[in-house]
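Novice: Build me a structure from this.
(one chain, ligands or ions: 1)
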Amino acid sequence: MQNKEGSQKEKHSSSYGGITSGGHSPLSYNSYLMVEELKKLQVCQSEPAHHDEPLFIIIHQTYELWFKLMIHELDLVVSLLNQDKVRRATHYMRRVVAIMRVLVQQIHILETMAPRDFLGFRDKLNPASGFQSSQFREIEFMAGLKEERFLQHFRQDKEAYENLVKRFNEPSLEEVFYGYLRRHGFKLPTTPAGSDEEESRKFEAARIEELLALYDDETDGKYIDLHDLAERFIDLDELISLWRTHHVTVVERIIGFKRGTGGSEGVGYLRSTLYKRCFPDLWHLRTALK
Ligand code: HEM
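Specialist: This is a model prediction of the structure:
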């Protein structure tokens with residue numbers, strides 16, 4: 001399952017993403033994709049099984065499969081950038097963005113589930129919650145949205161916890177991108193830990209001043225590849241934010257202002273996440289453009 005860049009240079013994909021190889025012979029469509037096994041993975045908690053519970057399970061499972069692929073691709077993006085291969089990195093970022101676009105739309109399938117139908121099995125799901133999606137947190141951590149408090153939801157799940165701690169301590173996409181830019185002459189000061197708001201703004205302004213070159217038409221295409229990559233990062237950030245907006249709207253439509261099964265306030269909590277940004281400098285840069 002590994003491509004050339006992955007197999008030649010990277011060993012991380014299989015250890016992090018759980019991408020494995022192995023054969024079935026003779027091969028058929030069903031055996032290759034393990035369709036029979038896949039079909040056995042939807043186990044309802046309601047008894048007798050509520051008609052809508054398979055929808056609820058399958059939509060979450062497909063999200064998790066796409067999350068798995070996103071992590072696999074993002075690992076390669078990081079590795080390629082560390083090897084200074086900007087165009088290849090951008091190629092795989094485009095794939096990540098294309099997946100995320102599907103994920104924004106997919107949530108709406110749930111709107112075909114009436115609020116009362118969800119109530120028919122919701123209490124059986126306690127205390128399971130999207131809070132415990134370790135792959136969602138992994139993507140957030142890789143993209144730079146690192147909040148230590150989320151680790152506590154994984155204390156019972158050793159493998160997920162250790163993986164997330166590892167991701168928490170690794171450079172984010174923005175840091176990897178800035179690492180590349182610094183190696184190529186850009187002066188991008190890091191905001192020192194503990195800086196107050198005013199100081200942070202000064203460091204941010206200095207970075208933006210440098211990053212503006214990527215958006216400068218006068219450089220006559222010199223930074224066109226870096227511009228392209230920066231805009232794919234913005235695509236990802238925008239789509240994550242759109243996913244949050246669509247998710248919270250669907251949640252309100254289905255459960256109103258009830259508390260979440262994960263114990264949060266529900267819609268109130270989800271609304272508080274809408275303005276999280278993975279690449280704040282690239283967003284603020286727009287205001288500085290003249
Ligand atoms: C009936 C459909 C759904 C409802 C009512 C619902 C409800 C909620 C609620 C109330 C929360 C806040 C945490 C809590 O207290 O539980 C939450 C978080 C979350 N949900 Fe959903 N959800 C639904 C569908 C989905 C789907 C299809 C996904 C796909 C992966 C998903 C992924 C998440 C994630 C990742 C979080 C954590 C968000 C964050 O902390 O920023 N949810 N959900």
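Novice: Spatially nearest residue to Ala143, not counting backbone neighbours?
Specialist: Take Ala143 and drop its neighbours on the chain: the residue closest to it by Cβ to Cβ, 6 or more residues apart in numbering is Cys278, 4.0 Å away. All C-beta spots, glycine's among them, are computed from the backbone N, C-alpha and C.
Novice: Tell me which helix or strand comes right after the helix or strand of the chain with the lowest mean pLDDT.
Specialist: Of all helical and strand segments in the chain, the minimum by mean pLDDT, DSSP states H and E falls on helix 12-17, at a mean of 44. Counting by DSSP states H and E, the element after helix 12-17 in chain order, helix or strand, is helix 29-33.
Novice: is it true that Asp157 touches Gln135?
Specialist: No - between Asp157 and Gln135 there is no contact, the gap being 12.0 Å when judged by Cβ atoms under 8 Å.
Novice: Neighbour count: those two, which is higher?
Specialist: Neighbours per residue, other Cβ atoms under 10 Å: of Asp157 and Gln135, the larger number sits with Gln135, 19 against 13.
Novice: Determine the set of other helices and strands touching whichever helix in the chain runs longest.
Specialist: Of all the elements of type helix in the chain, the one with the most residues (DSSP state H) is helix 224-255. Helix 224-255 is packed against helix 86-106, helix 115-119, helix 134-143, helix 173-183, helix 267-272, helix 280-288, with contacts defined by 3 or more Cβ pairs under 8 Å, 6 or more residues apart in numbering; DSSP states H and E.
Novice: could you redo the last one with a cut-off of 7 Å?
Specialist: helix 86-106, helix 115-119, helix 267-272, helix 280-288 (3 or more Cβ pairs under 7 Å, 6 or more residues apart in numbering; DSSP states H and E).
Novice: The residue in the stretch 51-200 of the chain that the ligand sits nearest to: what's it in contact with?
Specialist: For the stretch 51-200 of the chain, the residue closest to the ligand is Gly130, as judged by Cβ to the nearest ligand atom, at 2.1 Å. Under the criterion of Cβ atoms under 7 Å, 6 or more residues apart in numbering, the contact partners of Gly130 comprise Phe136, Gly262.
Novice: What does it show for phi and psi?
Specialist: Main-chain dihedrals, Gly130, degrees, to the nearest 10: phi -60, psi -20.
Novice: I'd like to know which residues of the protein are adjacent to the ligand.
Specialist: Counting by Cβ under 6 Å from any ligand atom, the chain comes close to the ligand at 59-60, 63, 107, 110, 118, 129-131, 133, 136, 247, 251, 254-255, 260-264, 266, 269-270, 273.
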